[in-house]
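>>> Predicted model, plus sequence, below.
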Number of protein chains: 2
Amino acid sequence: MEAENRLHVAVARAFSLQVHNNSVKAEIIAIGSELLTPDRVDTNSLFLTEQLNRLGIEVVRKLVVGDQRGQIRDSFREALGRAELVISIGGLGPTEDDLTREALAELLGRRLILNEAILLGIQARFRRLGRQMPEINQRQAMVPEGAIVLENSQGTAPGLWLETDGRIVILLPGPPQELKPMFTQEVEGRLAWRTTAVRLYKRELRVAGMAESDVEQRIAPIYTRYPDAQTTILASPGEVQIHLRAWSADATAAEKLLKEMVERVVMALGENIFTTKGESLEEVVARDLNLNGATIAVAESCTGGLLAQRLTSIPGSSSYFLGGVVCYSNDLKRVWVDVPADLLESKGAVSMEVARALAEGIRRRSGSTLGLAVTGIAGPGGGSPEKPVGTVHVALAERAGGKERTLHLPGDRDRIRWQASQAALDLVRRHFLYAQQGKQQNRG
Amino acid sequence: MEAENRLHVAVARAFSLQVHNNSVKAEIIAIGSELLTPDRVDTNSLFLTEQLNRLGIEVVRKLVVGDQRGQIRDSFREALGRAELVISIGGLGPTEDDLTREALAELLGRRLILNEAILLGIQARFRRLGRQMPEINQRQAMVPEGAIVLENSQGTAPGLWLETDGRIVILLPGPPQELKPMFTQEVEGRLAWRTTAVRLYKRELRVAGMAESDVEQRIAPIYTRYPDAQTTILASPGEVQIHLRAWSADATAAEKLLKEMVERVVMALGENIFTTKGESLEEVVARDLNLNGATIAVAESCTGGLLAQRLTSIPGSSSYFLGGVVCYSNDLKRVWVDVPADLLESKGAVSMEVARALAEGIRRRSGSTLGLAVTGIAGPGGGSPEKPVGTVHVALAERAGGKERTLHLPGDRDRIRWQASQAALDLVRRHFLYAQQGKQQNRG
């Protein structure tokens, strides 16, 4: 809770600041009954928020309503009563339940007029697909008086831009593959010159090997001294993200502020921070491997391929990743990676000794610079009093020796597997980090 | 678009039905400025919707507002003007920007009274953590007149239940690990006996090896004939989900309706359906392997461990999964899985011949019943005119022979890798399906 609290204070301060920064205020209305089921969450608004923030526009309200004309009309009325910019998502299709156009036209008392140009465009689109335009698609060519048409390069539903009493209303289609290009090509430019000089400036730091509460405790004294910035701490298994945001009309001041905050946070958390640029841990490790001309191979037990999958998720990973084995059975640990049978016998498959043997074995078998291994108990079964579920050993082998770490991880099978892969990748990152520091000391 | 359209029609019909089914209507208000950034999406409302639907309560509006007292108060006013049930999430913390209690008390004109029992509870909680309760936490013990306190077994912020003019308002805390148990332990029972006899009944079918538009085209003639059910089609890479929902006060009728729909959809899509119970493809494959007492081992190139990771994501996977190799380099394909050098030379690593050799090789090397292999080009680099990015070969080897499939997959690296793993798993599923059908024919 404490973490939550401090976070909230910081957020509240930052947002109160935005007010007298008078950034433009926007509301987003996502329209579609399927968004009111447990299966669908509106993610378009995250993309829009990101884009609007870049233009210095702050999203102050997000709403999801179903496909009922009255609901939609009322939502527009309420939003236009508050915000300077209202963006709706969805309900522009050709069917009887696509009612966004009608609801808004009704609210603003504007007639819907058939737009020949749009109609021809839709007809042409169907022709290209070798089909007749269904009669019902004609509805998509109906435009409220005075609206600007936003071209849809990816579908039949055009977007619309209306202005009323100095307010702007933008209607965008629901499918993300249509909404995103439309915003970039048709909306961004039109909005840019209307916004104030206020912009959002941000940094994203990521931390491995620390709990959220520890991160919170160490950096709260820092960010609470910066009420002009919004600090958000996001925790996911094996990783804590620190998002710093500053709304400002003064780019230099904002950048200076964030630079100073980043420096202090880095000082407070040190080598636990693996990026100040929002990179993933596998991206950082991939860069380290490439910069050092090193190759890697992995031997996994409990992570079951997750470690290899993450290392190969980076484009061009074949430059550093030679291969990996997932050896679940003791037999295969022996036959594929030369883990001595007596070791498996005496120490058990889940032991630091076997982790070491796996790392060294895979390194020799693949001829890689580094061998990386994970063995552990992901659960739910397989635990024991001496080795409970969540017990994980990670080991890194290189010619000169190696590194290792034993973890006792909380959570379910997925969580444990992910944290184990995170710990293994972090072992590689710290290996290169210390090597680097070593060199520097030798120089000094 | 067409798919979208038919989907919308079905949704609209189903929702219009719910109205004269008069299910209880609810609105959800998520409170927190961090939910208005591009980094956070409210997922609590998905859990709540699922739970409310089970009780026959329909969510008709979802709102996200920031930590401003006026905003929160207005949101409650608007929601209470429409819905019989209003549930808020968040803003119950102890800090100055946790304003949900105050905003609602102000709206309803009720005084906030210090609740001694809650205060003692919070103090006790801090004592257990070996700490003094910070002064500010006292705010969490302030309760609007006439409110029922909902105990928080996981944190300091209690929930609240208020009734006003026959409307119910429920205040829940933001952290999911606090909200979920509170709903189950404190809210569900209180709601259950107030709801109508209307309940939501549902089925979830999943399809592999078909495009969304093909699924849509084949089943639209079916579900459009069932206006009493809501049909939602969700497409993700390599998989299409069909969600069937029926709101009804008559359990027998609803179950009969869904049973009939499922039977017709199954007839229309046949063996492309891998579950009618919402299982994942790896769950289905795991069951097939266990039922047939078969074991499996995998050899992967472009999927880079994803295939092994999915097969081992199921608890108890060691009963059927022996091991896997990720052989990126041609060398390791040769050395680890005995792919003939001349084959790699003449056909190239991305070829059906090599896929076959990988599957047979890993089967022999591991002594498994089945060998499963994937080789392909996930991109963005590595494509050529003859073998463009997205070219993938999957092969299954067994003693009696094998199965194989060549795919040309769209999308980015992640998408291609996922679809490739999906195709490989589906090859195993169909292997057992045909074996089963074979047996049945022999019997007949």
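Here it is on my side, so go on.
>>> show me what contacts the spatially closest residue to residue A:112 that is not a sequence neighbour?
Excluding the flanking residues, the one nearest residue A:112 by CB to CB, 6 or more residues apart in numbering or on different chains is residue A:142, at 4.3 Å. Quick note: C-beta positions are derived from backbone N, CA and C, even for glycine. Applying CB atoms under 8 Å, 6 or more residues apart in numbering or on different chains, one finds that residue A:142 lies in contact with A:101, A:112, A:113, A:114, A:115.
>>> Select from those residues the one having the most neighbours.
Looking at the contacts of residue A:142 with neighbours defined as other CB atoms under 10 Å in any protein chain shown, the largest count falls to residue A:101 at 23 neighbours.
>>> in which helix or strand would I find that residue?
Take DSSP states H and E as the rule and residue A:101 turns out to sit in helix A:100-108.
>>> For that helix, which helices and strands make contact with it?
In this structure, helix A:100-108 makes packing contacts with helix A:69-80, strand A:112-114, strand A:142-144, strand A:159-164, strand A:167-172, judged by 3 or more CB pairs under 8 Å, 6 or more residues apart in numbering or on different chains; DSSP states H and E.
>>> Outside of that helix itself, list whatever touches it.
Residues outside helix A:100-108 that contact it (CB under 8 Å, 6+ apart) are A:31, A:69-70, A:72-73, A:76-77, A:80, A:88, A:90-92, A:111-112, A:139, A:142-145, A:160, A:162, A:164, A:169, A:171.
>>> Report the inter-axis angle for it versus strand A:159-164.
In terms of direction (axes from the mean of the first three to the mean of the last three CA atoms, to 10 degrees), helix A:100-108 departs from strand A:159-164 by 10 degrees.
>>> and the angle for helix A:100-108 with helix A:69-80?
Calculated by the same axes, to 10 degrees, helix A:100-108 forms an angle of 60 degrees with helix A:69-80.
>>> Pop the domain breakdown of chain A in here.
Structurally, chain A divides into domains by automatic domain parsing as follows: A:2-192, A:199-275, A:281-443.
>>> Tell me which of the ones you listed sits most buried.
A comparison of the domains of chain A by mean neighbour count, using mean count of other CB atoms under 10 Å in any protein chain shown, puts domain A:281-443 on top with a mean of 21.
>>> State the mean pLDDT of it.
Per-region confidence: domain A:281-443 scores 95 on mean pLDDT.
>>> one step back: and the domains of chain A: which comes nearest residue B:209?
Ranking the domains of chain A by proximity to residue B:209 (CB to CB) places domain A:2-192 first, at 21.6 Å.
>>> quick revisit: redo the helices and strands packed on helix A:100-108 as JSON lines? Include mean pLDDT and distance to residue A:351.
Putting the helices and strands packed on helix A:100-108 into JSON lines (pLDDT from 0 to 100; distance: least, CB to CB, whole Å) gives the following:
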{"stretch": "helix A:69-80", "mean pLDDT": "95", "distance to residue A:351": "60"}
{"stretch": "strand A:112-114", "mean pLDDT": "95", "distance to residue A:351": "73"}
{"stretch": "strand A:142-144", "mean pLDDT": "94", "distance to residue A:351": "71"}
{"stretch": "strand A:159-164", "mean pLDDT": "96", "distance to residue A:351": "61"}
{"stretch": "strand A:167-172", "mean pLDDT": "97", "distance to residue A:351": "56"}
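>>> so which of the ones you listed comes closest to residue A:336?
Comparing the helices and strands packed on helix A:100-108 against residue A:336 with CB to CB, the closest turns out to be strand A:167-172 (53.0 Å).
>>> continuing past that closest one, what's the next helix or strand?
Moving toward the C-terminus from strand A:167-172, the next helix or strand (DSSP H and E) is helix A:176-182.
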